[in-house]
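**Student:** Could you work out the structure for the sequence below:
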Amino acid sequence: MGKELKLEGVIPAMILPLRPDDSIDEEGLRRHVCRLAATKGVTGIVCNAGASEVTLLSREERKRVLQIVREEVNGRIHVISGAYGESTETIREAALDAKAGGADAILILPPFSFVWGATQYPEVIYEHFAAIDRAADIPFIVFQYAHWTNCNYDTQTLVQLARIKNFVAIKSAINDPGKYEEQYRALKEARPEISFLNANDVQMLSYFCIGADGALVGYAALTPEPIVELFAAVEKGELKRAREISDRLFPLTQAIYTHPRLNWHTRIKEALVMLGELESPRARPFLPALSAKEKETIRAALVSTGLLTN
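**Tutor:** Numbers count the residues shown, from 1 in each chain. As a prediction, this is how the structure comes out:
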């Protein structure tokens, strides 16, 4: 089953529009999904992941989000649903929900408990993924968190995971060029058909140049077109053009991915409000609203990037 799905190109991790009472803004969600799905070069969309506040959603809300995304995509691009939980069992449950809901693949997020050192035991990690695979039998993407967290997997562990038939892609946000290249080369040698998707939003050009089959990034929920252009330019070897695109995006990248990083998807929502796509930048509690200064910085960056006229 896994070998039948090839994930490549730009795959946005969508944000989740909310109403002032914190309920899901279904109309806003449909607009957001439609825009992304209609963007030339976008090959898939991810729901129920970090960018869409999956940790703060109920099981029924996750099911409803996937239903809406599938309705609006209507077969045009791949639909990927995040599988999140704090145990192998709860992630299996999320994977089965995603499969029942018609997702083409799942993105397996590491549980927070991995922070305490589970990733130091390769046999534990292998069995974790194998158990999910046995239960759900659906193509899956491994989410590789940044190198400074314990929620990432060493190269040998990833090579071992490549033995699982439904491991079709890795979303690599390792944020370490040396490790990224090491793992890119190792996985391509172990199983060339596994897609290596860059998830380093802040330095996309650098990691595209090392090697990637595409990008799976929350940033593309805001700027899919420039990211599609950037990836295509690198693929064609047009590095001067790629640097021009990266330079144009730089002020916006800095505005979105400043500290505290916790608020990055709230900043994307604020930008989408300014662009007229969303009615509210609301995020689920506990995330605070942005300051007036942050909003001014985002607006100036949108103008500088050419996405906003004033």
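**Student:** from here on, contacts and neighbour counts on C-alpha atoms
**Tutor:** OK.
**Student:** Isn't Gly15 up against Val217?
**Tutor:** To be clear, residue 15 is Ile; Gly isn't right here. No. Between Ile15 and Val217 no contact is recorded; they are 10.8 Å apart, counting by C-alpha atoms under 8 Å.
**Student:** What ranges does the chain have for its strands?
**Tutor:** For the chain, the strands defined by DSSP state E cover 9-12, 44-47, 78-83, 105-108, 140-144, 167-172, 195-198, 214-217.
**Student:** Need the pLDDT of Glu4.
**Tutor:** Note for Glu4: predicted pLDDT of 75.
**Student:** sorry, that was for Val46
**Tutor:** 98.
**Student:** Touching, it and Val10? I think so.
**Tutor:** No. Between Val46 and Val10 there is no contact under C-alpha under 8 Å: 10.8 Å.
**Student:** Point out where the chain drops to low pLDDT.
**Tutor:** Residue ranges of the chain with pLDDT under 70: 1-3.
**Student:** Would you state the helices of it in chain order?
**Tutor:** Ranges of helices within the chain are 26-37, 59-73, 88-100, 122-136, 155-161, 177-190, 204-210, 224-235, 239-256, 264-274, 292-305, based on DSSP state H.
**Student:** can you put the strands of the chain in a markdown table and add distance to Phe114?
**Tutor:** A markdown table is the format used below for those (distance: least, C-alpha to C-alpha, whole Å):
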| stretch | distance to Phe114 |
| --- | --- |
| strand 9-12 | 25 |
| strand 44-47 | 22 |
| strand 78-83 | 15 |
| strand 105-108 | 13 |
| strand 140-144 | 12 |
| strand 167-172 | 17 |
| strand 195-198 | 22 |
| strand 214-217 | 22 |
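**Student:** now those strands as JSON lines including mean neighbour count and distance to Ala37?
**Tutor:** Output for these, formatted as JSON lines (neighbours: other C-alpha atoms under 10 Å; distance: least, C-alpha to C-alpha, whole Å):
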{"stretch": "strand 9-12", "mean neighbour count": "27", "distance to Ala37": "9"}
{"stretch": "strand 44-47", "mean neighbour count": "26", "distance to Ala37": "7"}
{"stretch": "strand 78-83", "mean neighbour count": "27", "distance to Ala37": "9"}
{"stretch": "strand 105-108", "mean neighbour count": "26", "distance to Ala37": "16"}
{"stretch": "strand 140-144", "mean neighbour count": "25", "distance to Ala37": "20"}
{"stretch": "strand 167-172", "mean neighbour count": "26", "distance to Ala37": "20"}
{"stretch": "strand 195-198", "mean neighbour count": "28", "distance to Ala37": "18"}
{"stretch": "strand 214-217", "mean neighbour count": "28", "distance to Ala37": "14"}
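**Student:** Next up, the contacts around Pro122.
**Tutor:** Thr157 (C-alpha atoms under 8 Å, 6 or more residues apart in numbering).
**Student:** ditto for the one 10 residues further on
**Tutor:** Under the criterion of C-alpha under 8 Å, 6+ apart, the neighbours of Ile132 are Thr88, Ile91, Arg92, Ala95.
**Student:** which of these has the most neighbours?
**Tutor:** Neighbour tally across these (other C-alpha atoms under 10 Å): the maximum, 30 neighbours, falls on Ala95.
**Student:** Which residue, neighbours along the chain excluded, lies closest to that one?
**Tutor:** Nearest residue to Ala95 in three dimensions, chain neighbours excluded: Ala83, at 5.4 Å (C-alpha to C-alpha, 6 or more residues apart in numbering).
**Student:** Thr90 now?
**Tutor:** Leaving aside its chain neighbours, Thr90 sits nearest to Tyr84 (7.4 Å; criterion: C-alpha to C-alpha, 6+ apart).
**Student:** Looks like Thr266 contacts Arg284 (just checking).
**Tutor:** No. Using C-alpha under 8 Å, Thr266 is not in contact with Arg284, being 9.7 Å away.
**Student:** Counting neighbours, what do you get for Leu16?
**Tutor:** 29.
**Student:** list the contacts for the nearest residue to it once chain neighbours are set aside?
**Tutor:** Nearest residue to Leu16, sequence neighbours excluded (C-alpha to C-alpha, 6+ apart): Ser52, at 4.7 Å. By C-alpha under 8 Å, 6+ apart, Ser52 lies in contact with Ala13, Met14, Ile15, Leu16, His265.
**Student:** now do Tyr219
**Tutor:** Tyr219 makes contacts with Pro12, Ala13, Asp201, Ile268, as judged by C-alpha under 8 Å, 6+ apart.
**Student:** hmm, who's touching stretch 259-268?
**Tutor:** Applying C-alpha under 8 Å, 6+ apart, the contact partners of stretch 259-268 are 15, 51-52, 218-219, 221-222, 256-258, 281-283, 287, 289-290, 298.
**Student:** Among the contacts of Ile132, which one lies nearest to Gly41?
**Tutor:** Distance to Gly41, by C-alpha to C-alpha, is smallest for Ala95 among those, at 26.9 Å.
**Student:** Having no further points to raise, I will conclude here.
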